[in-house]
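**Q** Build the 3D model from these lines:
(chains A and B)
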Amino acid sequence: MTPKIEIKDLHKSFGPKVVLDGISLVVEKGESLVVIGGSGTGKSVLIKCILGLLTPDSGSIKIDGEEVTTLRGKRREELMRKFGMLFQGGALFDSLTVWENITFAVRPQKNLTKAQARDLAIEKLKAVGLKPEVANLKPAELSGGMQKRVALARAICANPDIIFFDEPTTGLDPIMADVINELIIDCTRELGLTTLSITHDMASANKIANKIAMLHKGKIIWQGTPQEIHDTKNPYVDQFVHGRAHGPVTDEK
Amino acid sequence: MNFLASIGRVFIAFLTTVGRLAIFAVDAIVTGLRPPYYPRQILRQMLEIGYYSLPVIGLTAIFTGAVLALQSYSGFSRFNANAESSIATVVILSITRELGPVLAGLMVAGRIGAAYAAEIGTMRVTEQIDALTTLSTSPQKYLVFPRLLAGVLMLPCLVVIADIIGVMGGYLVSIHKLGFTPGPYLTSTFEFLKRVDVVSGLTKAAAFGFIIALMGCYHGYHSKGGAQGVGAATTDAVVSASILILITNYFLTALFFGI
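**A** Below you'll find the predicted structure:
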């Protein structure tokens, strides 16, 4: 079976700074891969390359077996329909209401009327545990946790195949973080969606991943299951998992 | 050699920016002309540039026209020119050809160029522009094109209004302060006015509208680094739009009046 996402030898530099230095990753259909790594190791750049927001310098990215690094214009817009993305800060459009945000992509695609779009948004709000009244509010009127939930509702609204999560729990209290983790599982695993998340929150990684990869200095230095990560002898991974200030990751810098 | 190298670097940087701007503008126009269209966005921007700029433009125009009449009166009295008819002509020609489009352009550059750069810049640093792309919507089509179109369409409208109000400002001062008679003043106002005076002014306005919107969008779109980056983008947008307006104004004038 063709893997959902297949990345081979991906390179990306900004000027003299090498951010991705030969990344190879495979994500199978229905799998939930979590990429962990410290701040500034290129996790966001990796996701942005897959989404096409950044153009990699070299290497190949295949979605469902199709090379996507060279896609432009209309073809890329079509490819985007396979993707959903939950941004770190939510990235809700602050000039639009919650329901307009949630149905932003779907409404023109399916030619929904205003009432139909609102109903769809309310249905998606329910899926992320929010009340219908939220639909008419502006994003600025919501708390951080609610914004994340609305952003999640927007990401799943167009029924994508693959969802990307950029630090889904950052900036939330531990309870809200766990709520978001459970929502991610509910909204993806049951529907058989493929997900790729990046985080430095190990609790979140343990909960939502069935495969974890660690990114360090632009390379994938370890891959395995959440069970394996706690028994690994790899000193880099061990330092990261246990959150120690001293060890091989910090000594090299 | 170092000296030459630094000249070369500046020149290359300049060419790079011009190239980027051109690609940015062409990209926005080409993607914007293809469906789907966003009429609501276009209307919103037209309202923002056109309607909400009216008070600023009106005030600028009326005082400019008024001061033109005052200045020409005191200036012309030094060499005994026929004050009444020449003042009327000076006011209308200066307003329609130069001051209407340039001052409206500069005022709108401050108002709209800054607003565009700040809005789009904030969308950039909060990843809303990336979010648009992931929601199968081209930011060029949704954000940039409606603003460019609104700039090109609405600035000429504003300048027509500025022309009328400016001439009226000159008229009010001439009649009520300088004691001219209304009938002959109005006659000499339109006596020497040619179509090219108004047309050149409106063409300039369309060009300035495009420059303002392009600078606001371009600098906002490429802003980075949080609040400070957005602030810098806003400044860059207003400064570059104002300078480009003045430069373009010279060349369009030379073109129209064949000097």
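
**Q** A:I221 belongs to a strand?
**A** Yes. Assessed with DSSP: H, G, I helix; E, B strand; the rest coil, A:I221 lies in a strand.

**Q** for it, what are its contacts?
**A** Contact analysis of A:I221 by Cβ atoms under 8 Å, 6 or more residues apart in numbering or on different chains lists A:214-215, A:234, A:236-237. The C-beta positions use only the backbone N, C-alpha and C, and glycine is treated the same way.

**Q** so which of the residues you listed comes closest to A:I23?
**A** A:L215 (7.6 Å; Cβ to Cβ).

**Q** just checking, that closest one touches A:K43?
**A** Yes. With contacts counted by Cβ atoms under 8 Å, A:L215 reaches A:K43, the gap being 5.7 Å.

**Q** List buried members of the contacts of A:I221 by neighbour count.
**A** Buried members of these, counted by 16 or more other Cβ atoms under 10 Å in any protein chain shown: A:214-215, A:234, A:236-237.

**Q** With distance to chain B and pLDDT as added columns, please give those residues in a markdown table.
**A** Shown next, in a markdown table, are the buried ones among the contacts of A:I221 (distance: Cβ to the nearest Cβ, whole Å; pLDDT from 0 to 100):
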| residue | distance to chain B | pLDDT |
| --- | --- | --- |
| A:M214 | 24 | 90 |
| A:L215 | 20 | 89 |
| A:N234 | 32 | 85 |
| A:Y236 | 29 | 84 |
| A:V237 | 29 | 84 |
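
**Q** pLDDT at A:D161, what is it?
**A** Looking at A:D161, its pLDDT stands at 89.

**Q** Now do the phi/psi pair for the closest residue to it other than its chain neighbours.
**A** Excluding the flanking residues, the one nearest A:D161 by Cβ to Cβ, 6 or more residues apart in numbering or on different chains is A:K82, at 4.6 Å. Note on A:K82: backbone dihedrals following degrees, to the nearest 10 are phi -80, psi -20.

**Q** ok, now which ones touch A:K82?
**A** Taking Cβ under 8 Å, 6+ apart as the test, what A:K82 contacts is A:63-64, A:160-162.

**Q** Quick one, grab the pLDDT at it.
**A** Predicted confidence (pLDDT) for A:K82: 88.

**Q** before we move on, the earlier item: report the two of the contacts of A:I221 separated the most.
**A** A:L215 and A:N234 (13.1 Å).

**Q** picking that back up, so which of the contacts of A:I221 are in strands?
**A** A:214-215 (DSSP state E).

**Q** Out of the contacts of A:I221, which is nearest to B:V238?
**A** A:L215 (40.8 Å).

**Q** can you pull the contacts of that closest one?
**A** A:23, A:35-37, A:41-43, A:46, A:221 are the contacts of A:L215 under Cβ under 8 Å, 6+ apart.

**Q** can you put those in a markdown table and add secondary structure?
**A** Shown next, in a markdown table, are the contacts of A:L215 (three-state DSSP):
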| residue | secondary structure |
| --- | --- |
| A:I23 | strand |
| A:V35 | strand |
| A:I36 | strand |
| A:G37 | coil |
| A:T41 | coil |
| A:G42 | coil |
| A:K43 | helix |
| A:L46 | helix |
| A:I221 | strand |
